[in-house]
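In: got a sequence here, can you model it:
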Amino acid sequence: MFLKHEPTGDLVEVIDLPDVINQHSPTIRARSHSGDIIQRPENFLKSELVFPSGEPLPECWSNNNYVQHAAA
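Out: Sure thing, here's the model as predicted:
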């Protein structure tokens, strides 16, 4: 899965997919795809990532209190 890192505009390849949907994890382990050299994996803040189309990630993937807000 690829996401876009908003501050740099680079695509990042998600390595640990379960972290993407884990609402308790504020970061995602991914590898930046900038330039010709494959970058080392690093942690990216979910708040700085969007889908390649520019659409934000679903709130249920990043908000610890999403279930409580949805029920209200």
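In: CA-only coordinates of the longest strand along the chain in PDB, if you can.
Out: The longest strand of the chain (DSSP state E) is strand 27-33. Extracted in PDB, the C-alpha atoms of strand 27-33 (Å, rounded to 0.1, in the frame of the first residue of the first chain):
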ATOM      1  CA  THR A  27       2.900   6.100  13.400                       C
ATOM      2  CA  ILE A  28       3.200   3.900  10.400                       C
ATOM      3  CA  ARG A  29       6.400   2.000   9.500                       C
ATOM      4  CA  ALA A  30       7.100   2.800   5.800                       C
ATOM      5  CA  ARG A  31       9.800   3.300   3.200                       C
ATOM      6  CA  SER A  32      10.000   6.600   1.300                       C
ATOM      7  CA  HIS A  33      10.100   6.400  -2.500                       C
END
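In: contacting residues around that strand?
Out: Strand 27-33 is contacted by residues 2-3, 5, 8, 10-16, 19-20, 38-46, 49 when judged by CB atoms under 8 Å, 6 or more residues apart in numbering. (Each C-beta comes from the backbone N, C-alpha and C, glycine too.)
In: which of the residues you listed count as buried?
Out: Using 16 or more other CB atoms under 10 Å as the burial test, the contacts of strand 27-33 include Leu3, His5, Val12, Val14, Asp19, Val20, Phe44, Lys46, Leu49 as buried.
In: Val34 and Leu17, how far apart?
Out: I think there's a mix-up here, since residue 34 is Ser and not Val. Applying CB to CB, to the nearest Å, the value for Ser34 to Leu17 is 21 Å.
In: next: Asp10.
Out: 19 Å.
In: next: Glu42.
Out: According to CB to CB, Glu42 and Leu17 sit 16 Å apart.
In: now do the closest residue to Ser47 other than its chain neighbours, the pLDDT please.
Out: Closest residue to Ser47 apart from its sequence neighbours, by CB to CB, 6 or more residues apart in numbering: Ser62 at 7.0 Å. Looking at Ser62, its pLDDT is 85.
In: residues contacting Ser62?
Out: If you count contacts by CB under 8 Å, 6+ apart, Ser62 has them with Gln23, Pro26, Lys46, Ser47.
In: show me which of those residues is closest to Leu57.
Out: Lys46 (6.3 Å; CB to CB).
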